[in-house]
Every structure is written in C-alpha cells, then in structure tokens.
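Colleague: Predicted model follows, preceded by the sequence.
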Amino acid sequence: MLRALKLSTVGPAILLTATSVGAGDILTGSLAGAHAGTAVLWAVPAGVLLKWVLTEGIARWQMGTGTTLVEGWGIRLGKWTQWVFLAYLLVFTLVTGGMLSSACGVAGAALIPLGDVDSSRLVWGVVHSLAGLALVWHGGYALLKRVLAVCVGAMFATVILTAFLLAPDWSEVGRGLVPSLPPGSAGWVLSLIGAIGGTMALISYGYWIREEGRTGRDGLQACRFDLVLSYAVIGLFGIAVVIIGSRVRVTGRGAGLALLLADQLTVSIGPAGKWIFLIGFWAAVFSAMLGVWQSLPYLFTDILWLREGRGIGQRGVDPSLSRPYRGYLCFIATVPLLFLRWPVQSLQLAFGLTGAMLLPLLALTLLIMNNRREWVGNEFRAGVGINAVLAIALGFFAYVGVREIRQLIGA
C-alpha cells in the first residue's frame, strides 16, 4: 500500500485530477450553482461514477490488448472512426483551448491586474498559454507530474475551505444530492456531467499509464487504485464549487469571479485568506492547462500515426518528441487564443456541452469493445455492474437529449 502511494505509481492519477478539475469545475460548477442552486448537486457524483467506469474501461481495453482506445476504434470499428474523432478533436481543442486560456487570464488578472479586468484577462491568457507551451515542450511527463502534484493539493484545499466558510444550508445540500431536473436545469446538469471529471482527459489517461509501463492484470489493479484516489478528490471538489456558486452571486460577473470568491474569504478569515485563495485558484487553472496541453497532442499523434499503419501503442517510441506531437502542441497554445474575447460564461457552457458530447460515444464503444471475448479475452471482459452503469448513462443522455429537443421545438 505504501508503495502504491508513491508519486511514481500515482502519476497518471495526478495528471487525470489536474486535467479534469480546475478551470472547468470552478467556473462551470459555480455558474451551474448560481443558475440552478444546489438542486443540481447530484450531477457531480453521477458524473464522477460515470467517469470512473469509463476510465476503468479505457484502462481495461489497453491492459487487455496492448493498444490505446484510439487504436482500438480504428482497428476494430473501422477507419472512419479516425476521421470522425479527428474532427471532434479539432473542435474540442478550439473550445477547450479558448476556455483554459480565458480561465488562466482570469487568475492572472485577479493576482496582478494590468488595467481593466477584460484587458488584463486577455494579456494574462496569452502569457499563460505560451508559458504552458514552453513547460510542456521542455519538461515532459516526469516534470509535469511533480509540478501538478503540488498544484492539485493547493487547489483542492482552497476550494474545500471556501465552501465550508460560506456556511451553506447542509440540509439543502443533502436534498440536492437526490436526482431531479427542475425547469431550466437540464442544460446545466448535462454541462456539469461533461465538465466535472473531464472528458478528453479520460482518453488521455491511457497515454499516461503507458508512460508508467503498466500492463496486464497487475496494471489494471494499479489503475483502479489510483482512479479511486483521483475521482474521490474530483467528486468532493465538484460538490464544493457548486455550493460556492449557490452561495455567491456570479451571474454576469465573468472575469471578476475569482476576485468575488476571494472577497468572501477576506470577510471570513481576513486579508490573508484572499491571497491564499487566489494562489490556489491560479494553481487550479494553470495545472488544468498544463495537463491538457500535454495530453491532447498524444491523441492527434495517435490518429496520424495510425493512418500511417501503426499507432502509439504499436511503435514503442516516445511520441512527445515527434513532429506531430509538437506541432499540435503549438496549435493548441496559439490558435484557440482567438476565442479569448468570448464572454467567460459562454466559453464555460460551450466547454461543458462539447465535452458531454463525447461521453455517449465512449459508453457505447466500451460496451461493444470490452464485451467481445475474441478482442479482450475472458480475463478483461467487462462485468455486469460496469455494463449496467454504461447502459444507464446511454439512457440518461438519450432522455436529456429528447427533452431538450422538445423544449426547443416548443419554444
């Protein structure tokens, strides 16, 4: 157990947590809490359970076959999946890159203002994006997991502390953990499930466990252990940010959100609390940027190499030193900066909804791929419980989708 807790063995969990929480959770969760209150809290544990099952399924496939999920799609489901996923990856990159740059701009503007809030957000957004490019380019996986371990601890402590200091109505919080869909909340529920715990980070987890050299049954057990650690932190973090949003008016505040939350700590525990929170907020959003900047180029490289005949899992080389990886890293750090002028709230909602679009596809393909004995073998076939969660998730997304379409038609 002590060995399992070493940084070298939970590195993938650290990157998964850092990439999955931070910008999307703090801002999307706070905005969801502000619009729908604690009534949508249940979406957090529901989303965390779904993400654990999906990520475990991705690890299960990789441990059983020796290939990444992207390779599995191309080899087992057809080459058309590569083109569909590539198109989605490009859209996701633009939206997520713009959201993370904007969120880092918010953090920078809160710590060191440079003129008015919006101008400061733009400047710091560009600075953070280019700094992330430099760190990922020169630092690699080994350095990032150490840096991100510190950032994850800082952001978790500050957000949990903030939630408690705001003194929520705990009976109301308990009622919010019971599933319901109040009028106007369906979009925010879907957005929360998409944002809390990440989306593309789930697929990226396969590349991080590859960095650690995990294989076979022992590798799957190690994955399950650090996934429990990661999603426990993610779940508590997500609940805390929704509570914060329900207690602090954030509608229409955009880039001023970080300062607004920091002011709440100033009232509760004094001026020092404000700066502690702002540093933690910065750690959260910048660590999320670093995780995404490091992971998405893996996906692009895997698709490109698979088109040439062999994906990442079949080449046995370090993809982070390749031209496709570094080219896509430069792309995500620069082109999405065009979206910095979008309102923060619009970027958060677009990020959550875009991410949620991937979840039904993951659930469906894992149901197919991890239940084929000739593909994964008996040892790695999914069990009844995991299949049930995936089936329920598909039913939920179908229900919410039909409900939203009917509301649009009625409007």
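Modeller: Alright, I've got the coordinates. Residues are numbered from 1 along each chain as shown.
Colleague: can we go C-alpha only for contacts and neighbour counts from here?
Modeller: Will do.
Colleague: show me where pLDDT drops low in the stretch 101-250 of the chain?
Modeller: Counting by pLDDT under 70, the stretch 101-250 of the chain has low-confidence residues at 184, 194-195, 248-250.
Colleague: Okay, helices next: where are they in it?
Modeller: Assignment of helices within the stretch 101-250 of the chain using DSSP state H, counting those that start in this stretch yields the ranges 117-165, 170-176, 186-195, 200-211, 216-247.
Colleague: what's the most buried one of these?
Modeller: Mean neighbour counts were taken over those using mean count of other C-alpha atoms under 10 Å, and the top value, a mean of 25, falls to helix 186-195.
Colleague: Quick check: which of the helices of the stretch 101-250 of the chain is nearest to Thr65?
Modeller: Shortest distance between Thr65 and the helices of the stretch 101-250 of the chain, using C-alpha to C-alpha, is found for helix 216-247: 8.7 Å.
Colleague: Roughly how far does the closest residue to Leu366 other than its chain neighbours sit from Gly377?
Modeller: The shortest distance from Leu366 to any non-neighbouring residue, by C-alpha to C-alpha, 6 or more residues apart in numbering, is to Gly57 (6.5 Å). Computed with C-alpha to C-alpha, to the nearest Å, the distance linking Gly57 and Gly377 is 14 Å.
Colleague: ok so, going back, any chance of the helices of the stretch 101-250 of the chain in a markdown table, plus distance to Arg373?
Modeller: Shown next, in a markdown table, are the helices of the stretch 101-250 of the chain (distance: least, C-alpha to C-alpha, whole Å):
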| stretch | distance to Arg373 |
| --- | --- |
| helix 117-165 | 34 |
| helix 170-176 | 41 |
| helix 186-195 | 30 |
| helix 200-211 | 21 |
| helix 216-247 | 16 |
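Colleague: closest one to Ser322 among these?
Modeller: Distances from Ser322 to each of the helices of the stretch 101-250 of the chain were compared using C-alpha to C-alpha; the minimum, 11.0 Å, belongs to helix 117-165.
Colleague: May I have the predicted confidence score for Ile303?
Modeller: Among the per-residue scores, Ile303 holds a pLDDT of 89.
Colleague: Next: Ser320.
Modeller: You'll see Ser320 listed with a pLDDT of 82.
Colleague: does the closest residue to it other than its chain neighbours sit in a helix or strand, and which one?
Modeller: When the adjacent residues along the chain are set aside, Ser320 lies closest to Arg326, with 6.9 Å between them (C-alpha to C-alpha, 6+ apart). For Arg326, the host element (DSSP states H and E) is helix 323-334.
Colleague: Relative to Leu89, how far out is Met200?
Modeller: Distance from Met200 to Leu89, counting by C-alpha to C-alpha: 9 Å.
Colleague: got it, and Phe225?
Modeller: For Phe225, the distance to Leu89 under the criterion C-alpha to C-alpha works out to 29 Å.
Colleague: same check, this time on Leu220
Modeller: Taking C-alpha to C-alpha, one finds Leu220 at 27 Å from Leu89.
Colleague: Please apply the same query to Glu308.
Modeller: Distance of Glu308 to Leu89, computed by C-alpha to C-alpha: 19 Å.
Colleague: cool, and Ala131?
Modeller: Taking C-alpha to C-alpha as the measure, Ala131 and Leu89 are separated by 22 Å.
Colleague: ok so, going back, what comes into contact with the helix holding Arg326?
Modeller: Contacts made with helix 323-334 from outside it, assessed by C-alpha atoms under 8 Å, 6 or more residues apart in numbering, are listed as 93-94, 97, 129-130, 132-133, 137, 293-294, 296-298, 300-301, 304, 319-320.
Colleague: Show only the entries of those found in helices.
Modeller: Secondary structure from DSSP state H places 93-94, 97, 129-130, 132-133, 137, 293-294, 296-298, 300-301, 304 of the contacts of helix 323-334 in helices.
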